[in-house]
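# Let me see the structure of the following:
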Amino acid sequence: ILANCKTKEERKRTEEIIKPILRGRDIGRYYYKWAGLWLIKIEAGWTNKNRGKEEPEAFFKKNYPSIYQHLISFTDKELEGRRKGILNRDDQGDYWWELRHCDYYPEFEKEKIVWQRVTQSPKFTIIPPGIYCEATTHFITCSNEYINFLVGIFNSLLFKFAFYKFYMGGGIEGEIKGEFIGRFPIPPITPQNQSIVNQIEKLVDQILSLTQSEDYDLNYQKQSQVKTLEKEIDQLVYKLYNLTDEEIKIIESENRNE
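Predicted coordinates for the structure are as follows:
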């Protein structure tokens, strides 16, 4: 699409609305793998807001001709020019080239915690600003100051045990809903537990550095390091929640039995 732009100005405004997008299958524990997929982000109401007195499709074709030609290439000529796969889309906004209205588009432009929506083992990671996610994921945004801390908790054995025992219910089996994440108790950070929080954050930093390296998939030494660091986080999370030895044994026994 960008290669077909005729001017620098067209390329610039076109590039601004083409966003990389992740699916649930692209999300792992402490990492993500972008599959080279993109979203053309034209929000519902955008055309009417900007077109003035111009006819909507003429306005879109004039300002984004490369995107227009890309989308129009899906025309099914056997159906008398109807744009198969574009008209009557589930995500369609006011016009066939627009996405439906969404109140939280700005949240995609922030750093965020993203996870696989349906999974038998929680897989949370941190995604940089400007990367979008589709319906097989969920995400939350939060203060960057505590984002590593939260990811460490969400990927811990305690979270896995508690979520699947007490928080999952209704809907698809194995689905980690955002509303359940909101109900999961996070201990307030106090002077008494600040050192534990700091340790969790440093360990998460180390894990992210390892999982984001290009050779992580093939480097068994790095994978082993990550497992060791995750166990250290688990121990810190137990301390954070003041668990007893008996409670810890129950959690770890449950995990071994799976």
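# Can you get me a residue count around Ile21?
Using other CB atoms under 10 Å, Ile21 is surrounded by 20 other residues. (Glycine included, C-beta is placed from N, CA and C.)
# Give the next helix or strand downstream of the host helix or strand of it.
Here Ile21 sits within strand 18-22, counting by DSSP states H and E. Downstream of strand 18-22, the first helix or strand assigned by DSSP H and E is strand 27-28.
# any idea which helix or strand comes after that following strand?
strand 31-32.
# Mind giving me the packing neighbours of that following strand?
Applying 3 or more CB pairs under 8 Å, 6 or more residues apart in numbering; DSSP states H and E, we find strand 31-32 packed against strand 124-127.
# from the chain's centre, how far out does the strand it packs on sit?
What separates the centre of strand 124-127 from the centre of its chain is 7 Å, taken as CA atoms, centre = their mean, to the nearest Å.
# And the average pLDDT for it is what?
On average, the pLDDT along strand 124-127 is 96.
# Tell me the buried residues in the worst-scoring helix or strand of the chain on mean pLDDT?
None of the helices or strands of the chain scores lower by mean pLDDT, DSSP states H and E than helix 178-183, at a mean of 82. By neighbour count on 16 or more other CB atoms under 10 Å, the buried set for helix 178-183 is 180-181.
# With stretch 49-58 instead?
Under 16+ other CB under 10 Å, the buried positions of stretch 49-58 are Arg51.
# who touches that stretch?
Outside stretch 49-58, the residues within contact range by CB atoms under 8 Å, 6 or more residues apart in numbering are 47-48, 59-60, 62, 95.
# which secondary structure elements does the strand holding Ile21 contact?
With contacts defined as 3+ CB pairs under 8 Å, 6+ apart, strand 18-22 has these neighbours: strand 38-40, strand 132-133.
# Out of those strands, flag the one nearest Gln194.
Gln194 sits nearest to strand 132-133 of all those, at 31.6 Å, using CB to CB.
# counting contacts, what elements does the helix or strand immediately after that closest one in the chain pack onto?
For strand 132-133, the following helix or strand on the C-terminal side (DSSP H and E) is strand 137-140. When contacts are defined as 3+ CB pairs under 8 Å, 6+ apart, strand 137-140 sits against strand 112-116, helix 178-183.
# how about the last one as PDB, C-alpha atoms only?
Only the C-alpha atoms of helix 178-183 are listed here, as PDB (Å, rounded to 0.1, in the frame of the first residue of the first chain):
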ATOM      1  CA  GLY A 178     -10.800  -8.300  31.700                       C
ATOM      2  CA  GLU A 179     -13.500  -8.000  34.300                       C
ATOM      3  CA  PHE A 180     -12.000 -10.900  36.200                       C
ATOM      4  CA  ILE A 181      -8.500  -9.300  36.100                       C
ATOM      5  CA  GLY A 182     -10.200  -6.200  37.600                       C
ATOM      6  CA  ARG A 183     -11.500  -8.400  40.500                       C
END
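# Spell out, range by range, the helices that occur in the chain.
Secondary structure of the chain, counting by DSSP state H: helices at 8-15, 46-50, 56-63, 65-72, 105-108, 147-154, 157-162, 178-183, 194-211, 220-240, 245-257.
# The longest one - what's its average pLDDT?
Yep, that's helix 220-240 we're talking about. For helix 220-240, mean pLDDT is 97.
# contact partners of it?
Under the contact criterion CB under 8 Å, 6+ apart, helix 220-240 has outside partners 29-30, 152-153, 155-159, 187, 193, 196-197, 199-200, 203-204, 206-207, 210-211, 213, 215-216, 247-248, 251.
# So what's the gap between it and the chain middle?
With CA atoms, centre = their mean as the basis, helix 220-240 stands 23 Å off its chain's centre.
# Check which residues of that helix are buried.
Under the neighbour-count criterion of 16+ other CB under 10 Å, helix 220-240 has 222, 226, 229-230, 232-234, 236-238, 240 buried.
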